[in-house]
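> Requesting a structural model of the entry that follows:
(3 chains)
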Amino acid sequence: MVDLNQLEARIRRLEDLEAIKSLKYKYFRALDMKQWDEFAECFTEDACTSYSDGQYQFQGIYSIMKFIKRGLARYHFFGLHHGHHPEITFTSDVTAKGVWALYNYMIDTQEDKSLLINAYYQDEYVKSGGTWKIQFTSYHRVFEESWLRRDVPSLKLDMNIFASKTDPL
Amino acid sequence: MVDLNQLEARIRRLEDLEAIKSLKYKYFRALDMKQWDEFAECFTEDACTSYSDGQYQFQGIYSIMKFIKRGLARYHFFGLHHGHHPEITFTSDVTAKGVWALYNYMIDTQEDKSLLINAYYQDEYVKSGGTWKIQFTSYHRVFEESWLRRDVPSLKLDMNIFASKTDPL
Amino acid sequence: MVDLNQLEARIRRLEDLEAIKSLKYKYFRALDMKQWDEFAECFTEDACTSYSDGQYQFQGIYSIMKFIKRGLARYHFFGLHHGHHPEITFTSDVTAKGVWALYNYMIDTQEDKSLLINAYYQDEYVKSGGTWKIQFTSYHRVFEESWLRRDVPSLKLDMNIFASKTDPL
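Presented below is the predicted three-dimensional model:
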């Protein structure tokens, strides 16, 4: 016989899965569109990062945002961060782990450099007050390519939504 | 106590979410494979578009398809349009909004040009007769790069499924 | 009136959908990270492939893995295979078909070549012993571009996780 509470738990699990995906999608959108308040909302207060195979380790939302503001928030960096292939595993009703593929293309107009990263994320999520947040996020690079933009002399960049922006303090 | 009708509504919401994703996936597949009947099926009769930050605004499926047939339907344009990061919000049981990341790489062999667009879609969907359709679709570019293909002298393009095709009237 | 068994069947369908997506995500992750045991686990014993418009047809997991070990498993090939736009159709409770968009960027350092493929997968899946596996997988290319890496003189490749690896026998 079908147990109603079990059915409800299975539905909740599917809803939680969608909520975790949406959290990661908000994270990437906020990152590329430089929406820093929304970006910060994705993390718990005491979240930790270990970006680029452990090169960029930060503890706490304040340190994470300081790192971001010194780097990606500036208007000579333009990023395309797309997250794919979510493999989410629940470790309890309020905790989960996630593996994601990252397609990351970066432009640094100051260094005249482009960068392509193929990487895999390993994340930890926690649900608190009904909302999923990132507790820990890290990625390891599979491979990475970079080149000088002057190698493609006709290259033209339109910065559209960032055209008239100036760097944060 | 668990309410059966509420459970059913939550399942339907998850099914609707999958249906909206599938609609957008069909839209992108039809676009890149130049399957114009399937592409047209994705829209309501009175659908509106606002592509490229409002540069390409059309009202009604007839106008949208006329625009497409003059542009992307031709066999010197080859597109890779991949939609990522669906953030879907239901505004009623039969209406929803969607935000999507777009990875768009375009080849124009006539102009000898390649184009990379990082953009975000904002869509509106409506369910009618049990089927979700696009009521409104728009995107804003985050950044856009273009270059002349002759800058990479060894570049070779195989058009595979389009090799023997001729332009529509 | 809501039928409990029907509700359960609809939840199971949504769970199966997620399981099939996770299977494909594991397949791509294992492919790019050269995790061949996990890659082989994705297939049924008698699985068939028809890669590259039928150029690479193999029957049985042994033949598929032999093909992979001669090609992609070697450490002068680096792949980025990202699967998008899953359109999954169930043909029974234990069989399904899937259409996926493929973004495939390949580096062959021996041939000094890069390759970009825009393709569409057509798969068949089967559930056996509670686990979904790939029974058949194929893709057709929409278009394909290749170029010699020496055309971009400043190009630098970091192979990170593969840096000290040697080819399998």
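> pull the longest strand from chain A.
Looking across chain A with DSSP state E, the single longest strand is strand A:131-148.
> tell me the mean pLDDT over it?
Strand A:131-148 comes out with an average pLDDT of 96.
> Identify each buried residue in it, please.
Neighbour-count burial for strand A:131-148 flags A:132-147 (criterion: 16 or more other C-beta atoms under 10 Å in any protein chain shown). Where you see a C-beta, it was placed from the backbone N, CA and C, and this is true even at glycine.
> Does the longest helix along chain A reach chain C?
Longest helix of chain A, by residue count under DSSP state H: helix A:4-32. Yes - Helix A:4-32 lies within reach of chain C by C-beta under 8 Å from any C-beta of the partner chain, at A:Leu4, A:Leu7, A:Arg10, A:Ile11, A:Leu14, A:Leu17.
> pLDDT below threshold where in chain A?
Low-confidence segments of chain A (pLDDT under 70): A:1, A:168-169.
> near chain B, which residues of it?
Within chain A, the residues that sit near chain B (C-beta under 8 Å from any C-beta) are A:4-5, A:7-8, A:11, A:14-15, A:18, A:22, A:24-26, A:28-29, A:32-33, A:78, A:80, A:82-84, A:103, A:105, A:107, A:152-162.
> Which of these are buried? Put it as a PyMOL command.
Restricted to buried positions by 16+ other C-beta under 10 Å, the PyMOL selection for the residues of chain A next to chain B reads:
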select buried, chain A and resi 7+8+11+14+18+22+24+25+26+28+29+32+33+78+80+82+83+84+103+105+107+152+155+157+159+160+161+162
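> Can you get me the start-to-end distance on stretch A:88-100?
Criterion C-alpha to C-alpha, to the nearest Å; first-to-last residue distance in stretch A:88-100 is 9 Å.
> May I see the buried residues of the helix or strand containing A:Cys48?
Assessed by DSSP states H and E, A:Cys48 sits inside strand A:43-51. By neighbour count on 16+ other C-beta under 10 Å, the buried set for strand A:43-51 is A:Phe43, A:Thr44, A:Ala47, A:Cys48, A:Thr49, A:Ser50, A:Tyr51.
> Looking at the residues you listed, spot the one nearest chain C.
Checking the buried residues of strand A:43-51 against chain C with C-beta to the nearest C-beta, the nearest one is A:Tyr51 at 13.4 Å.
> I figured A:Leu155 hits A:Arg149, correct?
Yes - counting by C-beta atoms under 8 Å, A:Leu155 does reach A:Arg149; the two are 5.5 Å apart.
> Could you check how far the residue lying closest to A:Leu116 once chain neighbours are set aside is from chain B?
Sequence neighbours aside, A:Glu145 is the residue nearest to A:Leu116 in space, at 4.7 Å (criterion: C-beta to C-beta, 6 or more residues apart in numbering or on different chains). Per C-beta to the nearest C-beta, to the nearest Å, A:Glu145 is found 14 Å from chain B.
> Now for A:Glu145: which residues touch it?
With contact set as C-beta atoms under 8 Å, 6 or more residues apart in numbering or on different chains, A:Glu145 has these partners: A:Leu115, A:Leu116, C:Ile107, C:Leu155, C:Lys156, C:Leu157, C:Asp158.
> ok, now which ones touch the third one?
This points to C:Ile107. Listed by C-beta under 8 Å, 6+ apart, the contact set of C:Ile107 reads A:Phe143, A:Glu145, C:Phe77, C:Phe78, C:Gly79, C:Lys113, C:Ser114, C:Leu115, C:Arg149, C:Leu157.
> Also compute the angle for the helix or strand containing the fifth one relative to strand C:131-148, please.
Assigned by DSSP H and E, C:Gly79 belongs to strand C:77-92. In terms of direction (axes from the mean of the first three to the mean of the last three C-alpha atoms, to 10 degrees), strand C:77-92 departs from strand C:131-148 by 140 degrees.
> Alright, calling it a day.
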